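Participant: Pasting the sequence and the predicted model now:
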Amino acid sequence: MNLKSIGRVALTALPFLLALAVDLLLFATRRDRLPARLASHFVGNGRVDDYAGQTSYLVATTLVLLGVGLLWVLAAGFGKFAGTAYRVMVALGYGFAAFLGYLMGAVLLINVDAVEDAQGRGQGVHFPMWHMAAAFGAGVVAFGIGYLAAMLTPVPGPVADDGPEGDGERIALGAGEVAGWGRGAGSWWLPLTGLLVIGTGIAMLFTASWPFALLPLVLGLLIAAFARPYVTVDRRGIIVSGLLPRPRIRIPLDRIEAAASRDIRPLSEYGGWGYRIRPGRSGVIIRSGEGIVARLTNGRDFAVTVDDSATGAALLNTLIDRRRAER
């Protein structure tokens, strides 16, 4: 890792580390004035509906700020964002860190000097709703600071448009030969995410009413259905399907001008993972690395991340040539 990369990582991680340091300092200086069990969860009017021990508060605060901070470092610090996109990504991290850090600190402060009941729970604690507005304001101010700080660090130039060209690789097919290619486009995190979301829905069935559980259950099943997309290339074009025949994505062969295999950067090129639609491009992006990029007749690109993409792209080019020759 060079000095520029280290600077990007440090700049991205800084707000989350500062927010955690402030919250831990508040806890250390007021620990003797806190009840054994802090009011930690509130309903819409600020009334307490759950409590947590002091250790639980420390663990939750540390995990939330460090966990979110790590995700932001991976996205902005190691990602190939360019120019304004990089500055906005860093600034959003500053804003989110300030928002979370303020709320964690506010929960701690409203518990100071609370009278304990027989179970050690702080009594008479109320969460004023103006704290939400204050947290949002702190986030806005931090966003501006983060954007200005990002302007002082070097960033990579814009991502080059290295889409497919017409002279890509081909596969030799004899007259009358028919060929097809297919590969599973799996990733380790997608099945795990689906299981976690389904598990959340099941847990909510027992801890809340079924309408609250419906959304995570449906979303988890959808994620699980597409946990291992299957990519097919044949005379029909490109087809991306899940565990079930429908829904699926199909790009007809007559809509494709050329295809190529190249490395794909999900965050910088497509803004994330999943089925993505961006200016000038769309695709099924479930991981970084090699994939098929097809240049369409309307000038847009369609991409799908999959192993052995060079073979799939070469077959596409061969089938495109055959289609043109038959016209």
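Facilitator: That came through, no problem.
Participant: Before we move on, what's the pLDDT of the residue nearest the centre of the chain?
Facilitator: Centroid-nearest residue in the chain: residue 272, 5.5 Å away (criterion: C-alpha atoms, centre = their mean). Looking at residue 272, its pLDDT reads 73.
Participant: ok but it is inside a strand, no?
Facilitator: No. Residue 272 is assigned coil when assessed by DSSP: H, G, I helix; E, B strand; the rest coil, not a strand.
Participant: dump the residue contacts of it.
Facilitator: The contact partners of residue 272, by C-beta atoms under 8 Å, 6 or more residues apart in numbering, come to 266, 285. Every residue, glycine included, has its C-beta placed from N, CA and C.
Participant: those strands in the stretch 201-327 of the chain, which residues are they?
Facilitator: 230-234, 237-241, 248-252, 256-264, 274-278, 281-285, 289-296, 301-305 (DSSP state E, counting those that start in this stretch).
Participant: What ranges in the stretch 1-150 of the chain fall below the confidence cut-off?
Facilitator: 1-5, 44, 76-85 (pLDDT under 70).
Participant: hey, where'd the strands end up in it?
Facilitator: 37-42, 48-53, 115-116, 122-123.
Participant: out of those strands, nearest to residue 92?
Facilitator: When the strands of the stretch 1-150 of the chain are ranked by proximity to residue 92, the top entry is strand 37-42, at 25.7 Å, counting by C-beta to C-beta.
Participant: And the closest one, how far out from the chain middle?
Facilitator: 29 Å (C-alpha atoms, centre = their mean, to the nearest Å).
Participant: same check, this time on stretch 308-325
Facilitator: With C-alpha atoms, centre = their mean, you get 32 Å for stretch 308-325.
Participant: what's that stretch in contact with?
Facilitator: 164, 168-173, 179-181, 183, 231, 233-235, 237-238, 253-254, 256-261, 290-294, 306.
Participant: Distance of residue 226 relative to residue 274?
Facilitator: Applying C-beta to C-beta, to the nearest Å, the value for residue 226 to residue 274 is 8 Å.
Participant: who's more crowded, these two?
Facilitator: residue 226 (22 against 14; other C-beta atoms under 10 Å).
Participant: wait, doesn't the more buried one sit right on residue 242?
Facilitator: Yes. Assessed by C-beta atoms under 8 Å, residue 226 is found in contact with residue 242 at 4.1 Å.
Participant: Can you give me every residue that contacts residue 288?
Facilitator: 263-266, 305.
Participant: Quick check: buried residues in stretch 130-138?
Facilitator: 131, 135, 138 (16 or more other C-beta atoms under 10 Å).
Participant: got a list of what the last one touches?
Facilitator: Meaning residue 138. Counting by C-beta under 8 Å, 6+ apart, residue 138 has contacts 98-99, 101-102.
Participant: And it, how far from residue 310?
Facilitator: 49 Å.
Participant: phi, psi of residue 35?
Facilitator: phi -70, psi 160 (degrees, to the nearest 10).
Participant: From residue 45, how far out is it?
Facilitator: 21 Å.
Participant: do the same with residue 132
Facilitator: 12 Å.
Participant: hmm, back to that, quick check, nearest of the contacts of residue 138 to residue 66?
Facilitator: residue 101 (11.9 Å).
Participant: Not counting its neighbours along the chain, what's nearest the closest one?
Facilitator: Among residues not flanking residue 101 along the chain, residue 19 sits closest, at 2.9 Å (C-beta to C-beta, 6 or more residues apart in numbering).
Participant: so what's that neighbour up against?
Facilitator: 65, 97-98, 100-101, 104.
Participant: How much space separates it from residue 293?
Facilitator: 39 Å.
Participant: pLDDT at the residue lying closest to residue 307 once chain neighbours are set aside, what is it?
Facilitator: Excluding the flanking residues, the one nearest residue 307 by C-beta to C-beta, 6+ apart is residue 183, at 5.8 Å. At residue 183, the model reports a pLDDT of 80.
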